[in-house]
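Chemist: Next input, structure requested:
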Amino acid sequence: MPSVSIVLMSFNQEDYIREAVKSLFAQDYGPLEILISDDCSTDSTYDILKKEVSSYRGPHEIRLHRNSENLRGGHLDAAVRRARGDFLVIAHGDDIAKPNRVRRLVETWRKHNVSLVSSNAEVIDDRNQLLGIFSNADESTKIDLKSIIVGWDRQYLGATMGCHRDIFTAYEAMSDQRAGDAYDCHILPFRAQLLNGVYYLNETLLRYRRHGDNWGDRLADRTQSPLIAAEGFAALRLMSESYMLEDLDYRISKTELSGQLSGIRDKLINKITATIRDWVEQRNELIRSGKRPTWVARSFLDQRPLNPDLVFQSSELAEFISLLEENETQEIEKMLKDRRNEGHNVGPYHYYYAHALSKTGDRSGAIREVEKALLLDPEKADYKALLGRLYLRENKFDHAENLLTDAITLKPHVAAPHYHLALTFEHQQRFDEALREAEQAANLDSLKAEYKSLLGKLYLRESNLERAVETLTDAIALKPRASIPHHYLALTYQRQKRYDDALYEAEKAINIDPEKPHYLALASRLYVENGELDNAETTIRKALGFMPDAANYHHLLSLILQKKENIGDAIIEIKRAIDLDISNQHYPLLLTSLLSSQRNR
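Modeler: The predicted structure is shown next:
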């Protein structure tokens, strides 16, 4: 059995620490070391811990430590280095672990041989009332490196993590001097990916508490306006990504895989560049609104009440989505009404409600809610971008264009509106403008496979085949299980008469998504080019199984049968094509040729 330690970190959590520590004492996995580390609390937290530890009579080994000074960002690293276990389960002083938490994390770690395991969590408030489920992921999965570089995701919440101690010992120590407030949700998953990877377990093993004064709520100034908070969090993202780059350079200097890691370094630098653009834009927007940066003591900020609307933005989306999944729309409407009556800005509520409705497929409801948000704040770029995307899906291209253009004017360095505007222009057959916006989106965020895929498709349409190959290859590297870039790369290779390469990519697309008839039709044409007529016939017949009224598929099958000298069946197929599309002038010509061949036999 591997040696396992729980590392509980506490600081000024007197209202919650007793429940937190008792939930760890009740773990059903053993043998288990429980290391409790208090970061020099100034309230009664440490006294409560001493009392609980002294009265414990269970099977686990309990060790209690108190820092002589408040280490803040360095607390986690210092606590971990005191622990003895090979596998370390992270715990916070305001959360409640379910009894099987450690056991399920250890089982998953051993089964998948990864460096870090995260899990789902129930979200509770300060009174233990259930608010929702933290992550909306459908299943357990291994997390890819690209996802971690692109940004934080609800599948790797720091409070849910367990990890091998190598994540700490294989790198330089985490401390305030290195990273300030850069936090474990970003750094630990990235470190793990450079070792043996990250696995997300879609089981709720923790009750994660949101009480309005969480550590995450104080990482940026959420006591004032949304714009001030956004600028602070952009700076924190930049700090975290810079820390990740330092860790990566350290690993490059210590490993023989420096060539492979250098490719990761390029992607990370691209992400840092995008974050810098976002941060500069947030600061410029603050300056344009008449604000100027002012540094204050952290103790002063900690004493100020949080803006309740900003606390909502970080903590209540999970509740919204959970209520929607349970069809509790009346509860959501009541929440909106109550918050409105309390005098809060309910624009963010309508915005996130729109997001949740969009995820359930209720586009008309989503449009209704985001329009309400825009009435309350008509210059909000995020609201305009969401509404533009929804109108695009409804094929209301003029409305989509106007809203997305407005969103870009307000926030020109955000990639997504450029991407959706490119899609809008593509639907309108304004291909030069679509190409311009797709290039802008890919330049702003070079790690989005969807942006690269659209750009490659547009390069193909412009017959810029070399750029199409380069861009679509990048898209596949970012998201190898996406079928669309494989399909368009096959079309590009076909145009270049690189038929073997084209067939390889066409088959890849079919393996990923075997029910796309146009993928099958392309592969059939390529089999014809390679002289593989049996494969060509089998494949186009599969396509016809999905689209029996596609005249061009019957035409292709007729050509294949003609090459196989099966003239009678070829005539039947071309007649079907003519019946389905009487306007095509090529079909009668083929029929005439086939009838002539039949007579001459």
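Chemist: Residue ranges in the chain under the pLDDT threshold?
Modeler: By pLDDT under 70, the low-scoring segments of the chain are 150-153, 175-183, 212-226, 256-260, 296-329, 339, 342-345.
Chemist: 50 - rerun?
Modeler: For the chain, the stretches with pLDDT under 50 are 312-317.
Chemist: Scan it for its longest strand.
Modeler: What stands out as the longest strand in the chain, according to DSSP state E, is strand 198-209.
Chemist: and the following helix or strand past that strand, how far from the chain's centre?
Modeler: Heading C-terminal from strand 198-209, the first helix or strand you meet, by DSSP states H and E, is helix 226-254. Remark: helix 226-254 is offset 18 Å from the chain centroid, using C-alpha atoms, centre = their mean, to the nearest Å.
Chemist: Which neighbouring elements make contact with helix 226-254?
Modeler: Contact analysis of helix 226-254 by 3 or more C-beta pairs under 8 Å, 6 or more residues apart in numbering; DSSP states H and E lists helix 176-179, helix 184-193, helix 258-288, helix 308-315 as its packing neighbours. C-betas here are computed from N, CA, C, even on glycine.
Chemist: and the angle from that helix to helix 258-288?
Modeler: Put simply, helix 226-254 runs at 160 degrees to helix 258-288, going by axes from the mean of the first three to the mean of the last three C-alpha atoms, to 10 degrees.
Chemist: List the contacts of the host helix or strand of Tyr391.
Modeler: Element membership of Tyr391 [criterion: DSSP H and E] is helix 381-393. Contacts with helix 381-393, where a contact means C-beta atoms under 8 Å, 6 or more residues apart in numbering, come from 347, 351, 354-355, 358, 363, 366-367, 370-371, 373-374, 377, 397, 399-404, 406-407, 410-411, 414, 416-417, 420-421, 423-424, 427.
Chemist: Tell me the buried residues in that helix?
Modeler: Using 16 or more other C-beta atoms under 10 Å as the test for burial, helix 381-393 gives 381-392.
Chemist: strand partners of the longest strand of the chain, parallel vs antiparallel please.
Modeler: Its sheet considered, strand 198-209 pairs with strand 96-97 (antiparallel), strand 116-124 (parallel), strand 141-143 (antiparallel) by DSSP bridges.
Chemist: number of nearby residues for Val80?
Modeler: Neighbours of Val80 under the rule other C-beta atoms under 10 Å: 23.
Chemist: could you check the distance from it over to Arg461?
Modeler: Distance, Val80 to Arg461, using C-beta to C-beta, to the nearest Å: 53 Å.
Chemist: helices or strands next to the host helix or strand of Leu404 in the packing?
Modeler: For Leu404, the host element (DSSP H and E) is helix 397-410. If you count contacts as 3+ C-beta pairs under 8 Å, 6+ apart, helix 397-410 packs onto helix 381-393, helix 415-427.
Chemist: any chance of the ones you listed in a markdown table, with distance to Glu439 too?
Modeler: Shown next, in a markdown table, are the helices and strands packed on helix 397-410 (distance: least, C-beta to C-beta, whole Å):
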| stretch | distance to Glu439 |
| --- | --- |
| helix 381-393 | 18 |
| helix 415-427 | 9 |
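Chemist: closest one to Ile572 among those helices?
Modeler: Minimum separation from Ile572 across these (C-beta to C-beta) falls at helix 415-427, 37.0 Å.
Chemist: the inter-axis angle of that closest one versus helix 258-288?
Modeler: Helix 415-427 and helix 258-288 are oriented at 90 degrees to each other (the same axes, to 10 degrees).
Chemist: any idea which helix or strand comes after helix 415-427?
Modeler: helix 431-444.
Chemist: Would you mind listing the buried residues in that next one?
Modeler: Residues of helix 431-444 classed as buried under the neighbour-count rule (16+ other C-beta under 10 Å) are 434-444.
Chemist: Kindly report the same for stretch 475-494.
Modeler: 475-476, 478-479, 482-494.
Chemist: again, but for stretch 244-260
Modeler: Buried-residue list, stretch 244-260, by 16+ other C-beta under 10 Å: 244-245, 247-248, 251-252.
Chemist: again with stretch 496-508
Modeler: Neighbour count says stretch 496-508 has 498-499, 501-503, 505-508 buried, by 16+ other C-beta under 10 Å.
Chemist: Equivalent analysis for stretch 351-371, please.
Modeler: Within stretch 351-371, the residues that count as buried by 16+ other C-beta under 10 Å are 351-358, 362-363, 365-367, 369-370.
Chemist: how near is Gln562 to Ser597?
Modeler: 8 Å.
Chemist: Comparing those two, which shows the higher neighbour count?
Modeler: More neighbours surround Gln562 than the other of Gln562 and Ser597, with 19 against 14 (other C-beta under 10 Å).
Chemist: Pull the contacting residues for that one.
Modeler: 570, 590, 594, 597.
Chemist: what do you get if the cut-off is 6 Å, keeping everything else the same?
Modeler: Ala570 (C-beta atoms under 6 Å, 6 or more residues apart in numbering).
Chemist: which secondary structure element contains it?
Modeler: Element membership for Gln562, per DSSP H and E: helix 551-563.
Chemist: any residues touching the next helix or strand along the chain from that helix, and which ones?
Modeler: Per DSSP H and E, the first helix or strand lying C-terminal to helix 551-563 is helix 567-580. Helix 567-580 is contacted by residues 549, 551, 554-555, 557-558, 561-562, 587, 590-591, 594, 597-598 when judged by C-beta under 6 Å, 6+ apart.
Chemist: Distance to Arg66 added to those residues, as a markdown table?
Modeler: Below are those laid out as a markdown table (distance: C-beta to C-beta, whole Å):
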| residue | distance to Arg66 |
| --- | --- |
| Asp549 | 76 |
| Ala551 | 79 |
| His554 | 79 |
| His555 | 80 |
| Leu557 | 78 |
| Ser558 | 83 |
| Leu561 | 83 |
| Gln562 | 86 |
| Tyr587 | 85 |
| Leu590 | 87 |
| Leu591 | 90 |
| Leu594 | 90 |
| Ser597 | 94 |
| Gln598 | 95 |
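Chemist: Burial check on the nearest residue in space to Leu444 that is not next to it in sequence, number of neighbours?
Modeler: In space, Leu444 comes closest to Ala415 once its chain neighbours are excluded; the distance is 3.8 Å by C-beta to C-beta, 6 or more residues apart in numbering. When neighbours are defined as other C-beta under 10 Å, Ala415 has 20 of them.
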